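1. Give me coordinates for this.
(one chain, ligands or ions: 1)
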Amino acid sequence: MWPYHPDLLATPVPRYTSFPTAAEFGPLEPGPFLDAISTATGDVSLYLHIPFCEKICWYCGCNTAAANKAQRLSTYLDALHREIALVAAELPASARVRRIAFGGGSPNALNPVDFIRLFDELVLHFPLEDPVVSIELDPRILTPEWGPVLRSIAATRASLGVQTFSPLLQQAVGRVQPLCMIERGVEILRKAAVTSLNFDLMYGLPGQTRDDLESTLKLAAAFGADRIALFGYAHVPEIIPRQRRIEASDLPGPEERFRMAELGHERLSAAGYVPVGFDHFALPADPLAQAVASGRLHRNFQGFTDDAAPVLLGLGASAISSFPTLLAQSEKNAGRYRMLLSQDRLAVALGKTRSADDRRRGAVIEELLCHGRAKVCRPMIEQAWGRLAPFAEAGLCELEGEYLAIADHALPYARGIAAAFDLYRQHSPRRFSSAI
Ligand code: SF4
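-> This is a model prediction of the structure:
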């Protein structure tokens, strides 16, 4: 059993999909962003954000809105096309795009024809070199015509928002999708030659029991999902107003959430999945599990990844670009994003330069979260020890020569242990999700 230390889980911590985290971002002009692009060389990854969904789920914390106005979608796509041309024009000739990820929101909230046109813009403007293409999809609107669309762009990786198979829980979170919808979606994606299929699942939902979770995990494995991401629902209605529809008194308590995360880890491991970081699981043949086995696992804005590219260009409202020395986020408000691009201006709005110390600390945090151990220099350990000591005393981490190692049974504490190296967290009042 995982040892339960509520005091060591009490402080909300970032998910560390970047370091510094987005909480440290401040106003940023396009100049530093253009300077950073001009240094990009070798492998580059693209992320395109589609901030629209057919129906908004009550639990969702994403930057997305209802796709109910054709005009809004078409002007957003005009802006995205413009941004693609502007950003691609700045990329040095030595850069090659090896990965393209579509996320949101729901990329399949777009009309399939519009989606193909969007992909064509990438082909026209960026130097694509046999890129690995991935896409997030809403099974409720995954119609058969998406099969040929995905095949035509050679998408081999897809992620379906499943969350739970329980009809009652689906009603409790405003996302009703009968089993037959998932069956149909999986069939479409497999026929389209998707070889790495992820299911997003959740624990900590209102009224959810461990039996509910276990049934969902069994079904996900039976569907043959190559990857499973098991996230804890973060209830922060004061920040995400749409969550007010979820009754806080129906939510499982902290210890029950902890036991649900443990159950997920146990059951998925027993079903043959390799644990990847603290909340992902992958079948041994999947590239994510192979990245774990070969020590090539990384963490970026999409979570745990086998993508080692040093540059990620985020396109679309609120998308974040990552360079070795800079993080830059586009305007979050889709209206302002469209307005800036309509004037041929880059929509960069926020960001943070990465100092040498940020990069060293970011590498330690990434190593700890991806591999459970990291080489840490003596001054950094000494500075962090005040916050590490309670974890070490509880047997959750230990020093092994120059390395700090997280114990096998201490996965839920990984983010808390990593946060000891985040100096910004000692001062920042910003709110994050609970550690489990
Ligand atoms: S479909 Fe996904 S992105 Fe859209 S509202 Fe639901 S959870 Fe959020």
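2. Phi, psi for the closest residue to Met202 other than its chain neighbours please.
-> Take Met202 and drop its neighbours on the chain: the residue closest to it by C-beta to C-beta, 6 or more residues apart in numbering is Gln163, 4.7 Å away. C-beta: built from backbone N, CA, C; applies to glycine. For Gln163, the backbone dihedrals are phi 70, psi -60 (criterion: degrees, to the nearest 10).
3. State the distance from Gln163 to Lys218.
-> 15 Å (C-beta to C-beta, to the nearest Å).
4. Which one of those two is surrounded by more residues?
-> A direct count of neighbours by other C-beta atoms under 10 Å for Gln163 and Lys218 places Gln163 higher, at 23 against 13.
5. Relative to Glu366, how far out is the more buried one?
-> The span separating Gln163 from Glu366 equals 27 Å under the rule C-beta to C-beta.
6. for Gly26, same thing?
-> Distance from Gly26 to Glu366, by C-beta to C-beta: 23 Å.
7. Arg244 against Glu238, yeah?
-> No - applying C-beta atoms under 8 Å as the test, Arg244 and Glu238 come out as separate, 9.1 Å apart.
8. Could you pull out the buried residues of stretch 29-47?
-> For stretch 29-47, the neighbour count (16 or more other C-beta atoms under 10 Å) marks Pro30, Pro32, Phe33, Ala36, Ile37, Ala40, Asp43, Val44, Ser45, Leu46, Tyr47 as buried.
9. surely the first one meets Val348?
-> Yes - Pro30 sits in contact with Val348 when judged by C-beta under 8 Å, with a separation of 4.7 Å.
10. what residues does the stretch 51-200 of the chain put near the ligand?
-> Proximity of the stretch 51-200 of the chain to the ligand, by C-beta under 6 Å from any ligand atom, involves residues Cys53, Ile56, Cys57, Cys60, Cys62, Thr64, Gly104, Gly105, Ser106, Asp138, Gly161.
11. Would you mind checking which of those is nearest to Pro131?
-> Gly104 (18.8 Å; C-beta to C-beta).
12. confidence score at the closest one?
-> At Gly104, the model reports a pLDDT of 92.
13. So what does the closest residue to it other than its chain neighbours have for phi and psi?
-> Distances taken as C-beta to C-beta, 6+ apart put Ile50 closest to Gly104, at 4.1 Å, once the chain neighbours are dropped. Backbone torsions for Ile50, taken as degrees, to the nearest 10, come to phi -110, psi 100.
14. related to what we said a few turns ago, just flag the most distant two among the buried residues of stretch 29-47.
-> Taking C-beta to C-beta, no two of the buried residues of stretch 29-47 sit farther apart than Pro30 and Asp43, at 23.6 Å.
15. so what's the spatially most central residue of the chain up against?
-> Centre of the chain computed as the mean C-alpha position; nearest residue by C-alpha atoms, centre = their mean is Gln302, 3.0 Å away. Applying C-beta atoms under 8 Å, 6 or more residues apart in numbering to Gln302 gives the contacts Thr17, Tyr47, Ala101, Gly103.
16. partners of the second one in the sheet?
-> Bridge pairing for Tyr47 (DSSP bridges) gives the partners Ala101, Gly314.
17. Let's see the pLDDT reported for it.
-> 98.
18. Please report the number of neighbouring residues for the closest residue to Ser152 other than its chain neighbours.
-> Take Ser152 and drop its neighbours on the chain: the residue closest to it by C-beta to C-beta, 6+ apart is Ile116, 6.9 Å away. For Ile116, the count of nearby residues is 14 (other C-beta under 10 Å).
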